[in-house]
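> Provided below are the primary sequence and the corresponding predicted coordinates.
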2 protein chains.
Amino acid sequence: MYGAGDVRIEDVPDPAIRDPADAIVRVVRAAICGSDLHPYRSMPVTEQGRPMGHEFLGIMEDTGAEVAGLKRGDLVLSPFTYADNTCFWCRRGLQTSCPHGGRYGFDGVDGGQGEAVRVPQATGTLVKLPVAADPALLPSLMTLTDVFCTGHHAAVTAQTGPGVSVAVVGDGAVGLCAVLAARRLGAEQIILLGRHTDRTDLGMEFGATDIVLAPGEEGAEEVRKLTGGHGVDAVLECVGSMQTLITSFGAVRDGGVISRVGVPSYTDGPIGIDMIMRNITLTGGVDPARHYIDGILPDVLEGRIEPGRVFDRTVGLDGVPDGYRAMAGRQSLKVLIAP
Amino acid sequence: MYGAGDVRIEDVPDPAIRDPADAIVRVVRAAICGSDLHPYRSMPVTEQGRPMGHEFLGIMEDTGAEVAGLKRGDLVLSPFTYADNTCFWCRRGLQTSCPHGGRYGFDGVDGGQGEAVRVPQATGTLVKLPVAADPALLPSLMTLTDVFCTGHHAAVTAQTGPGVSVAVVGDGAVGLCAVLAARRLGAEQIILLGRHTDRTDLGMEFGATDIVLAPGEEGAEEVRKLTGGHGVDAVLECVGSMQTLITSFGAVRDGGVISRVGVPSYTDGPIGIDMIMRNITLTGGVDPARHYIDGILPDVLEGRIEPGRVFDRTVGLDGVPDGYRAMAGRQSLKVLIAP
């Protein structure tokens, strides 16, 4: 990406092992993330461009001398950040804070939207998949790199479980995955606040019990009506705007939890006396996907959940610029890339 | 109180039962709360004045027809808000959100700083104490009306428990009670950030393992040094200023919890991308003391904790104006009133 709206497919040198902890992965599937749309809308023009993409799975092609447990030919998936998976933070399930970790597409590391990726900290980062690259299974496996785990992180940090009432704010791919994650964790009532019935229809299939299409305070009022006037136990805020945050405060019950997993478009928010008097908890954050993948993988492999249904378009590498356009223009919910 | 700095002792008509759910309690001990200092510093001048005080215990004097389980002569204590203790919110341990509840000193309800109080929703509100009014025990029992339960609420909502490292921000009575509460819940390391060694000395006796006297970012840096560079698992923010909130963000580790129980002096705070990238949780709020009293009471009655040590001055009713002055001027940590 060379600037807002300017995505180009280019030939670059093949990646090679630079560090003994590196591995080279040949990409089988990649994807465009909602968070890729932030630079797509606002990135300043640059000369050198920036490698894009942080969601991918593929075949092991080469390993550095220190890489353990992975060999050429393995099918592996990567969480959207790399990490050593052994440090103080990783041991606490917070791989996103690993001091040896980082983000794809930065600091000389490849993006996932390409033919191959040099993966730092490969032993700690990559998850070996115990299956072949079955095209029918790949979309759902792909969601474990980021989008489904992000919805799951929202649900987990909001203490979703049996008997809990949940409102999911946002009908993007993360919001729909949050619905599916809340259902998987046993939530009793799952109210999806969205704006597009084609998306909320998939939300119903993922387990939403109620759909609210009204925006803002009107939507929050509908959530309160659907919960006996009280509001929900947990709001999973999957957008990141000030409006959706305010809607979340309106939809949550006193003593409830708002979990945010969207990238916030604000720096300050309303955490004064009203939040204190209502005993509302604000939680969530960037999803440490590596922490969750092993636990969710069996449900995907055995077909109990099918989060890959959020992909409604598949493109080759040449189609990636169109994929960005389609997601930014809301013609597509989420784009899968088959290089 | 007739305005900032203007506290008067006046004769008023004896309270009487107005509602069948009311009780009349003859006050044996009351107290001045740190939150009483907010109006003491900023209340506009009024003609009619406002009854003050929300921390008291006393002897049952009269009961309305619907009051159950309490009789004339019982020693009872009241949490600092009244509540029916049967509704949706009270059943969830959130008596501060009870729609039939309210605050002492408002809406025609007496304050606790007087000779007698009409207590609405007496059955749900008052806790019968299984002891006589032993003067040695009364200070610690008094802390269950508010200040110790507030420190406990901070510790509980911050998930304090065995193995957890805690920083308590603020060496006022709430902060010191938060230290004691964190210790009672088994916290491994308890770092008290304060400004007055006479107060932090009591904090050490209450269980603080480390004292940090440096303010602001310097104090947060010391907390990080005391925790291997990581920051604490939980910050109990017992002041309510923007500076102490920022200190809390500096002292907490990634993935940690900040629990606020002070009255915030701000309306908006820094909850943007940094909080998201660090997975920090913001929780706490006004303490539903009624929810906690029964569980803590045995430890007070059997002397395992002595939170009443936060009282360093006792006055009669005539001494209440001096008590406010002493607390506002930091000559006194917390003032007990023996009418």
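Looks like it came in fine. Numbers count the residues shown, from 1 in each chain, chains lettered A, B, ... in the order given.
> near chain B, which residues of chain A show up?
Contact residues (CB under 8 Å from any CB of the partner chain) of chain A with chain B: A:88-89, A:92-94, A:96-97, A:157, A:228, A:230, A:254-255, A:260, A:263-264, A:266-273, A:275-286, A:288. No exception for glycine: its C-beta is placed from N, CA and C like everyone else's.
> Which segments of chain A make up each domain?
Here the domain parsing of chain A from automatic domain parsing is A:23-146+A:288-337, A:150-284.
> Compute the first-to-last residue distance for the longest one.
Read that as domain A:23-146+A:288-337. End-to-end distance of domain A:23-146+A:288-337 (CA to CA, to the nearest Å): 21 Å.
> In the stretch 201-339 of chain A, what residue spans correspond to strands?
Assignment of strands within the stretch 201-339 of chain A using DSSP state E, counting those that start in this stretch yields the ranges A:210-212, A:232-237, A:252-260, A:268-270, A:281-284, A:313-315, A:335-337.
> Walk me through which strands the second one pairs with, and which way each runs.
Strands adjacent to strand A:232-237 in the sheet, as given by DSSP bridges, are strand A:165-169 (parallel), strand A:252-260 (parallel).
> what's the most buried one of these?
Across the strands paired with strand A:232-237, averaging neighbours per residue (mean count of other CB atoms under 10 Å in any protein chain shown) puts strand A:165-169 on top, at a mean of 32.
> where's it relative to the chain centroid, distance-wise?
Here strand A:165-169 is found 17 Å from its chain centre; the criterion is CA atoms, centre = their mean, to the nearest Å.
> would you turn the strands paired with strand A:232-237 into TSV with mean pLDDT?
Below are the strands paired with strand A:232-237 laid out as TSV (pLDDT from 0 to 100):
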stretch	mean pLDDT
strand A:165-169	98
strand A:252-260	98
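> what mean pLDDT would you report for stretch A:138-149?
Here stretch A:138-149 scores 98 as its mean pLDDT.
> In which helix or strand does residue A:149 reside?
Assigned by DSSP states H and E, residue A:149 falls within helix A:147-157.
> surely residue A:115 meets residue A:337?
No: applying CB atoms under 8 Å, one finds residue A:115 not in contact with residue A:337, separated by 10.5 Å.
> circling back: burial-wise, tell me which of the domains of chain A comes out on top.
Note that of these, domain A:150-284 is the most buried (mean count of other CB under 10 Å), with a mean of 22.
> how long is that one end to end?
10 Å.
> contacting residues for residue A:318?
Residue A:318 sits next to residue A:9 when contact means CB atoms under 8 Å, 6 or more residues apart in numbering or on different chains.
> now residue A:167
A:190-193, A:212, A:223, A:232, A:234-236, A:248, A:251-252.
> Now render the residues you listed as JSON lines, adding distance to residue A:16.
Shown next, in JSON lines, are the contacts of residue A:167 (distance: CB to CB, whole Å):
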{"residue": "A:190", "distance to residue A:16": "47"}
{"residue": "A:191", "distance to residue A:16": "50"}
{"residue": "A:192", "distance to residue A:16": "45"}
{"residue": "A:193", "distance to residue A:16": "47"}
{"residue": "A:212", "distance to residue A:16": "51"}
{"residue": "A:223", "distance to residue A:16": "53"}
{"residue": "A:232", "distance to residue A:16": "51"}
{"residue": "A:234", "distance to residue A:16": "46"}
{"residue": "A:235", "distance to residue A:16": "46"}
{"residue": "A:236", "distance to residue A:16": "41"}
{"residue": "A:248", "distance to residue A:16": "46"}
{"residue": "A:251", "distance to residue A:16": "50"}
{"residue": "A:252", "distance to residue A:16": "50"}
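> I'd like to know which of those residues is nearest to residue A:331.
Of all the contacts of residue A:167, residue A:331 sits closest to residue A:192, with 20.8 Å by CB to CB.
> Let's have the strands paired with strand A:232-237 in JSON lines, adding distance to residue B:299.
Formatted as JSON lines, the strands paired with strand A:232-237 follow (distance: least, CB to CB, whole Å):
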{"stretch": "strand A:165-169", "distance to residue B:299": "34"}
{"stretch": "strand A:252-260", "distance to residue B:299": "25"}
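> out of the ones you listed, nearest to residue B:136?
strand A:252-260 (36.0 Å).
> who touches that closest one?
Contacts to strand A:252-260, defined as CB under 8 Å, 6+ apart, come from residues A:153-155, A:157-159, A:167, A:227, A:230-237, A:240, A:245, A:248-249, A:278-285, B:89, B:92-94, B:97, B:276.
> what about the helix holding residue A:149, distance to the chain center?
With CA atoms, centre = their mean as the basis, helix A:147-157 stands 8 Å off its chain's centre.
> ok, now stretch A:97-112?
Mean-position distance between stretch A:97-112 and its chain equals 16 Å (CA atoms, centre = their mean).
> what about stretch A:57-69, how long is it end to end?
Stretch A:57-69 has an end-to-end distance of 17 Å (criterion: CA to CA).
> Please apply the same query to stretch A:205-217.
26 Å.
> Pull the residues that contact it.
A:167-168, A:176-177, A:179-180, A:182-184, A:187, A:189-195, A:197, A:200, A:203-204, A:219, A:221-223, A:226, A:243, A:246-247, A:250, A:309.
> Stretch A:81-89 now?
A:21, A:54, A:90, A:95-104, A:109, A:119-121, A:123-125, A:286, A:289-290, B:228, B:230, B:254-255.
> Sitting in helices, which of these do you find?
A:90, A:123, A:124, A:125, A:289, A:290 (DSSP state H).
> Rebuild those as a markdown table, extending it with pLDDT and distance to residue A:71.
A markdown table is the format used below for those (pLDDT from 0 to 100; distance: CB to CB, whole Å):
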| residue | pLDDT | distance to residue A:71 |
| --- | --- | --- |
| A:90 | 98 | 23 |
| A:123 | 98 | 12 |
| A:124 | 98 | 16 |
| A:125 | 98 | 15 |
| A:289 | 98 | 23 |
| A:290 | 98 | 20 |
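> Now, the contacts of stretch A:205-217 that are in helices?
With helices defined by DSSP H, the entries of the contacts of stretch A:205-217 inside them are A:176-177, A:179-180, A:182-184, A:197, A:200, A:203-204, A:219, A:221-223, A:226, A:243, A:246-247, A:250.
> residues contacting the residue nearest in space to the middle of chain A?
Geometric centre of chain A, nearest residue: residue A:147, 2.5 Å, by CA atoms, centre = their mean. Counting by CB under 8 Å, 6+ apart, residue A:147 touches A:31, A:33, A:34, A:55, A:173, A:174, A:177, A:307, A:310, A:334.
> Spatially nearest residue to the first one, not counting backbone neighbours?
In space, and not counting its chain neighbours, residue A:31 is closest to residue A:55: 4.2 Å by CB to CB, 6 or more residues apart in numbering or on different chains.
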